[in-house]
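Student: A structural model of the following input is requested.
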Amino acid sequence: MVCGLFGTTKREVPLNKEFFYPLIYTKYNGEIYISVSNQYYNLVLNNIKDIDFTKLDNKHIIAFFKKIFSDVLENFEVKEMYRMYRDTKLNITGNDAVLLNESNKKCFMNTGKKSNDVSFKEKKWKELKNIIDTEMIYIIKTENKITSMAYVSDIFAEGANIVVSTDEKNRKKGYGKKVVVRLTNSIIERKLLPIYFVNVNNKPSINLAKSLGYINIADEIVVCFKK
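Tutor: Numbering: from 1, shown residues only. Model prediction:
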């Protein structure tokens, strides 16, 4: 039983310019909704007609969608995600996260693998330029390098998707929290809703979000492939 099956062009737009989600199965307030790329709408519709999802656990739902899409997609995953949010600002006392901009571009250029040359890093800078210009990208700097970064990758229906990453050697130091706090406040100040879309197996990231008061608004199963 599904409360709504929706075909939408939004499922054809990559998240963070990299990950496509042609189908998202959502449990929200006890109801089930499926949004799917228009390209696969009939495929999904024809296969779910006699399916009562309320009688299936997530393991069987994942297997079901894998079977459907195995004939039309290659190198894809079906995985469980949480969609978390927070709608009030956080305390920023003692927070040393700063905006990424031209004044600290040098830190950006010093960050990453040594094998990545200047032209590669300039390309990455240009890819982030639109986000940098919106002032919704925060960093922590140590030793003239970026150790943690959080930014808004996409905005859909007033929801701002948060992406956060911290250098492996500098994890468990609170840096991730600091950049997410700053970004959360920036998003709310713009009358948008911070969205933390995270794999259920990414426990450190989930714990970070929970520690900042983010709550899970929806359990989701997604079909995903990388650009």
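
Student: Just want the most central residue of the chain.
Tutor: Taking Cα atoms, centre = their mean, the centroid of the chain lies closest to residue 197, which sits 4.2 Å from it.

Student: isn't that one right next to residue 161, touching?
Tutor: Yes: assessed by Cβ atoms under 8 Å, residue 197 is found in contact with residue 161 at 5.9 Å. Bear in mind the C-beta positions are built from the backbone N, C-alpha and C, glycine included.

Student: Find the residues that touch each one of these two.
Tutor: Common neighbours of residue 197 and residue 161, using Cβ atoms under 8 Å, 6 or more residues apart in numbering, are residue 15.

Student: what separates residue 82 from residue 206, distance-wise?
Tutor: Going from residue 82 to residue 206 by Cβ to Cβ, to the nearest Å gives 7 Å.

Student: all helices for the chain, in order.
Tutor: 41-48, 58-69, 105-110, 118-134, 175-189, 203-211 (DSSP state H).

Student: Count the neighbours of residue 128 for me.
Tutor: Burial of residue 128 is recorded as 15 neighbouring residues (other Cβ atoms under 10 Å).

Student: quick one: it and residue 139 touch, right?
Tutor: No: the criterion here is Cβ under 8 Å, and residue 128 misses it with residue 139 at 10.9 Å.

Student: which neighbours do the two share?
Tutor: With Cβ under 8 Å, 6+ apart as the test, residue 128 and residue 139 both reach residue 100.

Student: which regions of this structure lie under the pLDDT threshold?
Tutor: 1-3, 114-116 (pLDDT under 70).

Student: those strands in it, which residues are they?
Tutor: Ranges of strands in the chain, per DSSP state E, are 4-8, 19-28, 31-37, 77-85, 98-99, 137-142, 145-156, 159-166, 193-199, 215-226.

Student: And the last one, what does it pack against?
Tutor: By that I understand strand 215-226. Other elements packing on strand 215-226 under the criterion 3 or more Cβ pairs under 8 Å, 6 or more residues apart in numbering; DSSP states H and E are strand 19-28, helix 58-69, strand 77-85.
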